[in-house]
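Asks: I'd like to go over a predicted model; first the sequence, then the structure.
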Amino acid sequence: MQQYFQCGRYRLPLGTPNARPLVMGILNVTPDSFSDGGRFFSLEFALSHAEQMIADGVDIIDIGAESSRPGSPALSLSEELDRLMPVIYALRDCGKPLSIDTYKPAVMREALAAGVDLINDINAFQADGALDAVKDGDCGLCVMHMQGQPQTMQDRPAYNDVLAQVSTFLQGRVEIMEMAGVDRSRICIDPGFGFGKTLAHNLVLFENIGLMQNSLDLPLLAGISRKTMVGDLTGKPIERRLAGSLAAALVAAAQGAKIIRVHDVTETVDALAVWHAGKVKI
């Protein structure tokens, strides 16, 4: 396993197998985010939230301008850029790596030109022109698995063997990226919890985070924060899923996940600090 993740202007240490994972804080600039109800849609509130995440110890800020919740409508290119670019320009010198959550090649190009360090693509850089947009340079690339599209992905998702199929898909995408000249140090993988998966599918992947990461020999990003999976397991609505999300972060960390993508940065950083202090006893 590589000892660092090349993320644009930053070389992020990944440490030993039991080191604290990097915390990626979610900054949604959408009016219809499933998790925060669009509270950070205005530039002023988005920047304030980013500043708070930095004070709380975030390692990466992941900016999303288009909701990918189940059933969400697609956003036009111009709308996504209008939401995204002012935030990028305002935060690019904040001292933390900036990630954008997008599958559109044109958005990738604009964001990289503006100084973004990581592209987080739910479509695994499969769109026409996506790989060409990111293959050169040194930006980080997060390759995620999704069955179907956000509009329909939760309409009866089915697998013969979810662990094998997700792992094979991710391995295939990584091989294509390497053939295009992308260095492995720039790549992390995401099994895509909740993206075209039932609770049973999610749990199989959840129980095998370490296996997936080790078999693909790439850092794994776990994005479970506040998702339906947590709600199904706890019976809690979105606004009351903090405890379940923290438990998910700790389970992922205990299995060796290198990046944890979360909404609640300060609570996750604190929970991981305590876990890290006592990990030899777990």
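Replies: Yep, that arrived. Because the structure is predicted, anything quoted here is derived from the model rather than measured.
Asks: Distance from the chain centre to stretch 188-195, please.
Replies: Remark: stretch 188-195 is offset 8 Å from the chain centroid, using Cα atoms, centre = their mean, to the nearest Å.
Asks: could you give the mean pLDDT of it?
Replies: Stretch 188-195 carries an average pLDDT of 96.
Asks: neighbouring contacts of that stretch?
Replies: For stretch 188-195, the external contacting residues (Cβ atoms under 8 Å, 6 or more residues apart in numbering) are 5, 68, 70, 120, 122, 140-147, 150, 153, 166, 170, 174, 202, 205-206, 209, 212-213, 216, 218-224, 227-229, 258-259. To be clear about C-beta, it is placed using only N, CA and C from the backbone, and glycine gets the same treatment.
Asks: measure that stretch end to end?
Replies: Stretch 188-195 has an end-to-end distance of 17 Å (Cα to Cα, to the nearest Å).
Asks: That stretch: which residues count as buried?
Replies: Within stretch 188-195, the residues that count as buried by 16 or more other Cβ atoms under 10 Å are 188-195.
Asks: Please narrow those residues to those residing in strands.
Replies: 188-190 (DSSP state E).
Asks: Now distance to residue 180 too, for those residues, in TSV please.
Replies: Output for these, formatted as TSV (distance: Cβ to Cβ, whole Å):
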residue	distance to residue 180
188	17
189	16
190	19
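Asks: Specify which member of these is nearest to residue 273.
Replies: Closest approach between these and residue 273, by Cβ to Cβ: residue 188, at 22.1 Å.
Asks: Helix, strand, or coil at residue 181?
Replies: Using DSSP: H, G, I helix; E, B strand; the rest coil, the structure places residue 181 in coil.
Asks: OK, contacts around the spatially closest residue to it that is not a sequence neighbour?
Replies: Spatially, and ignoring its direct neighbours in sequence, residue 181 is nearest to residue 135 (5.6 Å; Cβ to Cβ, 6 or more residues apart in numbering). By Cβ under 8 Å, 6+ apart, the contact set of residue 135 is 177, 180-182.
Asks: Return the distance of the nearest residue to residue 234 once chain neighbours are set aside relative to residue 31.
Replies: Once flanking residues are discounted, residue 234 sits nearest to residue 244: 4.4 Å by Cβ to Cβ, 6+ apart. Distance, residue 244 to residue 31, using Cβ to Cβ, to the nearest Å: 26 Å.
Asks: Pick out whichever of those two has more residues nearby.
Replies: residue 244 (21 against 13; other Cβ atoms under 10 Å).
Asks: now that one, what's its secondary structure?
Replies: Going by three-state DSSP, the state assigned to residue 244 is helix.
Asks: any idea how far it is from residue 251?
Replies: Residue 244 is 11 Å from residue 251, by Cβ to Cβ.
Asks: again, but for residue 228
Replies: Distance from residue 228 to residue 251, by Cβ to Cβ: 17 Å.
Asks: So these two - more neighbours on which side?
Replies: residue 228 (19 against 15).
Asks: May I have stretch 267-277 exported as PDB, CA atoms only?
Replies: Coordinates of each C-alpha in stretch 267-277 appear next as PDB, following Å, rounded to 0.1, in the frame of the first residue of the first chain:
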ATOM      1  CA  GLU A 267     -17.200  14.900  16.000                       C
ATOM      2  CA  THR A 268     -15.500  12.500  13.600                       C
ATOM      3  CA  VAL A 269     -12.100  14.000  14.200                       C
ATOM      4  CA  ASP A 270     -12.600  13.600  18.000                       C
ATOM      5  CA  ALA A 271     -13.900  10.000  17.700                       C
ATOM      6  CA  LEU A 272     -11.000   9.000  15.500                       C
ATOM      7  CA  ALA A 273      -8.500  10.600  17.900                       C
ATOM      8  CA  VAL A 274      -9.800   8.500  20.700                       C
ATOM      9  CA  TRP A 275      -9.900   5.400  18.500                       C
ATOM     10  CA  HIS A 276      -6.300   6.000  17.400                       C
ATOM     11  CA  ALA A 277      -5.100   6.400  21.000                       C
END
